[in-house]
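Asker: My questions are about this predicted structure, shown below with the sequence.
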Amino acid sequence: MNQTHILLVEDDPVIREATQLSLERDGFTVTVAEDGITGLEKFRSLAPDVALLDLMLPGMNGVSLCRQIREESPTPVIMMSARADPIDVVLGLEAGADDYVTKPFDSTVLVARIRAVVRRMSRAEAVNGEQPLRFGDLEVQRNGLEVRVAGQPVELTPTELRLLLCFVDSPGSVLTRDVLLEQVWDYQWGGDSRVVDVHVQRLRAKVGQDRIETVRGFGYKLKTGS
């Protein structure tokens, strides 16, 4: 089995080296960059399996780098930040990040997050099905992993696709944030619900603002009618 290749973009040399060594001990292949511009160049030339980005980077900050990566590729992105400010977290997620960790972090937590996004990518690629599923103007072709709205193709990241498939599998049913965290992000404990909320916002922007309804105090559900 090929090793998962991680691009680590971190400007602090101590954190960069310690994180690289820790990830390599866990069996990952790691390429490092110390600024955003170099990180983007290495991403384009090496096509890593996962991008691990610090929020505050010289040259091009982590949010801008994440946004550029997301415009070019569905590769999973995890943001790292020493700041747990909700604004920083949301900015990273809205830029297209699949998850985030707050520094200082336990290496086992980081490894678990990386393996979770890799599993999501693998599961998205392995989804099978036959007939397309239709919900109003939304069409989901599971075997081809194709999503269309009003006949036009919609590009989703693996995490967005997993989230949509959770709704598709339970049309009209209310899914709580805890259920979505477990099914999409592999969190077996109460994770940060902002991850769910921001990804639902991103998904709505692509499949229709009214397609996924908010059930206040409970969670979200897929609207099945036109």
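Answerer: Right, received. Where do you want to start?
Asker: Please name the bridge partners of residue 214.
Answerer: Residue 214 forms beta bridges with residue 220, as assigned by DSSP bridges.
Asker: So it is in contact with residue 223, correct?
Answerer: No - at 10.8 Å, residue 214 does not count as touching residue 223 under the criterion of Cβ atoms under 8 Å. No exception for glycine: its C-beta is placed from N, CA and C like everyone else's.
Asker: So between these two, which is more surrounded?
Answerer: A direct count of neighbours by other Cβ atoms under 10 Å for residue 214 and residue 223 places residue 223 higher, at 16 against 13.
Asker: separation between that one and residue 212?
Answerer: 7 Å (Cβ to Cβ, to the nearest Å).
Asker: same thing with residue 186?
Answerer: Distance from residue 186 to residue 212, by Cβ to Cβ: 21 Å.
Asker: could you pull out the strands for this structure?
Answerer: Counting by DSSP state E, the chain has these strands, from start to end: 5-9, 29-33, 50-54, 77-81, 99-102, 133-135, 138-141, 146-149, 152-153, 175-176, 212-215, 219-222.
Asker: Please identify the deepest-packed of those strands.
Answerer: Stretch with highest mean neighbour count among the strands of the chain: strand 50-54 (a mean of 26; mean count of other Cβ atoms under 10 Å).
Asker: For that one, report the contacting residues that lie outside it.
Answerer: 4-12, 15, 19, 39, 43, 62, 65-66, 69, 75-81, 97, 110, 114, 117-118 (Cβ atoms under 8 Å, 6 or more residues apart in numbering).
Asker: Okay, angle between that strand and strand 77-81 too, please.
Answerer: Strand 50-54 and strand 77-81 are oriented at 20 degrees to each other (axes from the mean of the first three to the mean of the last three Cα atoms, to 10 degrees).
Asker: lowest-pLDDT helix or strand in the chain?
Answerer: helix 107-126 (a mean of 78; mean pLDDT, DSSP states H and E).
Asker: May I see the buried residues of that helix?
Answerer: 110, 111, 113, 114, 116, 117, 118, 120, 121, 124 (16 or more other Cβ atoms under 10 Å).
Asker: just to revisit the earlier point, of all the strands of the chain, which lies closest to residue 192?
Answerer: strand 99-102 (8.3 Å; Cβ to Cβ).
Asker: Take the closest one, keep the C-alpha atoms, and write them as PDB.
Answerer: Presented in PDB, the C-alpha positions along strand 99-102 are these (Å, rounded to 0.1, in the frame of the first residue of the first chain):
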ATOM      1  CA  ASP A  99     -11.000  20.200   9.000                       C
ATOM      2  CA  TYR A 100      -8.800  22.100  11.400                       C
ATOM      3  CA  VAL A 101      -6.700  21.600  14.500                       C
ATOM      4  CA  THR A 102      -5.700  24.100  17.100                       C
END
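Asker: Each with direction, which strands does that strand pair with?
Answerer: Take DSSP bridges as the rule and strand 99-102 pairs in its sheet with strand 77-81 (parallel).
Asker: Would you mind giving the domain segments of this protein?
Answerer: The record assigns the chain these domain ranges, following the TED database: 5-123, 133-222.
Asker: Could I get the contacting residues of the residue nearest the centre of the chain?
Answerer: Of all residues in the chain, the one closest to the mean position by Cα atoms, centre = their mean is residue 98, 1.9 Å from it. The contact partners of residue 98, taken as Cβ under 8 Å, 6+ apart, are 76, 77, 78, 117, 120, 157, 158, 159.
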